[in-house]
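1. Quick one: sequence and predicted model below, then my questions.
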Amino acid sequence: MKKLIFITGIIGVTLALFFISQSLYASPDSSQWLVTPQWVKEHLNDQNLTIVYVSLNPQDYEKEHIPNSIYVDWKADLADKREKIHYEMVPKDDFEKLMSRIGATQDTTLIFYDNFNNRLALRALYVTAFYGHEKAAILEGGISSWKSAGFDTTHIVPAITSSNYSVMEIHSGIKVDKTYVEKNLRNKRVTFVDSRPWKMYTGETVGIMVNTGKEVARRGHLPGAINLPWKSNIDEKTMFLDGDTLMKMYREKGLKKGKGDIVFYCNEGVHGVFNWFVTSKILGFKNVTVYEGSMGEWAEDPLRPMVSGIGF
């Protein structure tokens, strides 16, 4: 009898470990943060589900979109309208107006997708996470994956019943500012990660801010920062690499769970979110943040330190 109980216990532990590992590195259709076209297709008419197309311009949405999905502008809706140079988080009041306009409540699950390599969808998810709305995921691969799966698009705009959305909690710990960066550049417990392409990191090419199309004032990267380009996380079809591969890649860069704080940055706080998503949502890292102002803000002041070249 004792032997049977022991064997049963071993089986139970094994199954538990299996399901835990599956939850961390599961295929997108069973992940909390990533969904497949098939999953979206099966839930198109769910009452508490809102599908959101995040794009650079409304013409993309008007041309074609997933049935029942609504449009959100990555800049006009998700950024601070008062800020004309930097790309900064939409203020709380405006976020509440946006969520009310699209009919969202605290019980609404938001599925974001785009036509921009997941980048705008992830930025939208980051904003909702900042304002405490955790019921959100992205359609991996965006509208391209939807069409590749053989599903139809439409130009019909669905009717929306507005709501009265209120932010219940702000997770300010996922964002840092230039003051934090200045104070922690020499802090060995803080690792800064440049999420831009290698040549922008080294200064061979100049950074470009997507929100304005303007060049970053100076070339190079933060002193001591390492480089892990956002595109390293996905394959040629913009699908995320499997969890084991991602974990190995981050470990090889010296990024490990529980090893101090990690701050991702880029040119304007969009591509840094890509690495933030992978570490915090897919791999389960804690203490990962985004320097939202990034190089677009940092490089403006010639007195702030930057380095160019390889090996710094």
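-> That came through fine.

2. Against residue 108, how distant is residue 127?
-> Distance, residue 127 to residue 108, using Cβ to Cβ, to the nearest Å: 15 Å. From N, CA and C alone the C-beta is placed, and that goes for glycine too.

3. Over to residue 48?
-> In this view, residue 48 and residue 108 are 6 Å apart by Cβ to Cβ.

4. higher neighbour count, the two?
-> residue 108 (19 against 11; other Cβ atoms under 10 Å).

5. residues contacting that one?
-> 48-50, 135 (Cβ atoms under 8 Å, 6 or more residues apart in numbering).

6. Recalculate using a threshold of 10 Å.
-> When contacts are counted by Cβ atoms under 10 Å, 6 or more residues apart in numbering, residue 108 touches 46-50, 99, 102, 133, 135-136, 163, 165.

7. Just name the closest of these to residue 243, please.
-> Nearest to residue 243 out of the contacts of residue 108 is residue 136 (Cβ to Cβ; 19.5 Å).

8. What is the neighbour count of the closest one?
-> Using other Cβ under 10 Å, residue 136 is surrounded by 23 other residues.

9. What about the residue nearest to it when sequence neighbours are not counted, how many residues nearby?
-> Closest residue to residue 136 apart from its sequence neighbours, by Cβ to Cβ, 6 or more residues apart in numbering: residue 110 at 4.3 Å. Counted with other Cβ under 10 Å, the neighbours of residue 110 add up to 21.

10. Kindly report the domain assignment for the protein.
-> 28-170, 173-298 (automatic domain parsing).

11. Tabulate these in a markdown table, adding columns for mean pLDDT and distance to residue 309.
-> As requested, those are arranged in a markdown table below (pLDDT from 0 to 100; distance: least, Cβ to Cβ, whole Å):
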| stretch | mean pLDDT | distance to residue 309 |
| --- | --- | --- |
| domain 28-170 | 95 | 26 |
| domain 173-298 | 96 | 6 |
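
12. need the ones you listed in JSON lines with distance to residue 307, can you?
-> What follows is the domains of the chain, written out as JSON lines (distance: least, Cβ to Cβ, whole Å):
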{"stretch": "domain 28-170", "distance to residue 307": "22"}
{"stretch": "domain 173-298", "distance to residue 307": "5"}
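
13. Would you confirm that the residue nearest to residue 136 contacts residue 51?
-> Yes: with contacts defined as Cβ atoms under 10 Å, residue 110 counts as touching residue 51 at a distance of 8.1 Å.

14. which SS state does the most centrally placed residue in the chain fall under?
-> Centroid-nearest residue in the chain: residue 122, 3.3 Å away (criterion: Cα atoms, centre = their mean). Here residue 122 takes the helix state, with states given by DSSP: H, G, I helix; E, B strand; the rest coil.
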